[in-house]
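Enquirer: Here is my input; please provide its structure:
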Amino acid sequence: MPRKKGTPNKITRETRELLQTILEGELDHISSALVRLRGENPFGYLKTLTGLLPYILPKCTEQEFEAKEKKPLTWFTDQNPFA
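Expert: So this is what the prediction gives:
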């Protein structure tokens, strides 16, 4: 019987937990490796950081906005908006 849509896969959950445990134990090593990489290969360091960004930053989405009423911007007119 297939699992219901949206139900996490057991193997995926177990794999994520295993990887999280491994990475938690490697945090000090990862930090020192990045410091070493920054000194030895600045380009490689930046490329590594760029590769990690999608895991901590939300993805950009394009948004469109439409003004309901078009008014000229006050700083482009001769009228004083504070008068």
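Enquirer: for stretch 57-70, the distance to its chain's centre please.
Expert: Here stretch 57-70 is found 18 Å from its chain centre; the criterion is Cα atoms, centre = their mean, to the nearest Å.
Enquirer: Can you give me the end-to-end span of that stretch?
Expert: By Cα to Cα, to the nearest Å, the extent of stretch 57-70 from end to end equals 35 Å.
Enquirer: and if you look at stretch 33-47?
Expert: OK, stretch 33-47 end separation, Cα to Cα: 14 Å.
Enquirer: list the buried ones in that stretch?
Expert: Buried residues in stretch 33-47, counted by 16 or more other Cβ atoms under 10 Å: 37, 45. C-beta: built from backbone N, CA, C; applies to glycine.
Enquirer: what mean pLDDT does it have?
Expert: For stretch 33-47, the mean per-residue pLDDT is 96.
Enquirer: just how off-centre is it within its chain?
Expert: Taking the mean of its C-alpha atoms, stretch 33-47 sits 20 Å from the chain's own mean (Cα atoms, centre = their mean).
Enquirer: what does that stretch contact?
Expert: Stretch 33-47 is contacted from outside by 48-49, using Cβ atoms under 8 Å, 6 or more residues apart in numbering.
Enquirer: at 7 Å instead, please
Expert: Thr48 (Cβ atoms under 7 Å, 6 or more residues apart in numbering).
Enquirer: Next secondary structure after the lowest-mean-pLDDT helix or strand in the chain?
Expert: None of the helices or strands of the chain scores lower by mean pLDDT, DSSP states H and E than helix 10-40, at a mean of 91. Moving toward the C-terminus from helix 10-40, the first helix or strand encountered (DSSP states H and E) is helix 42-52.
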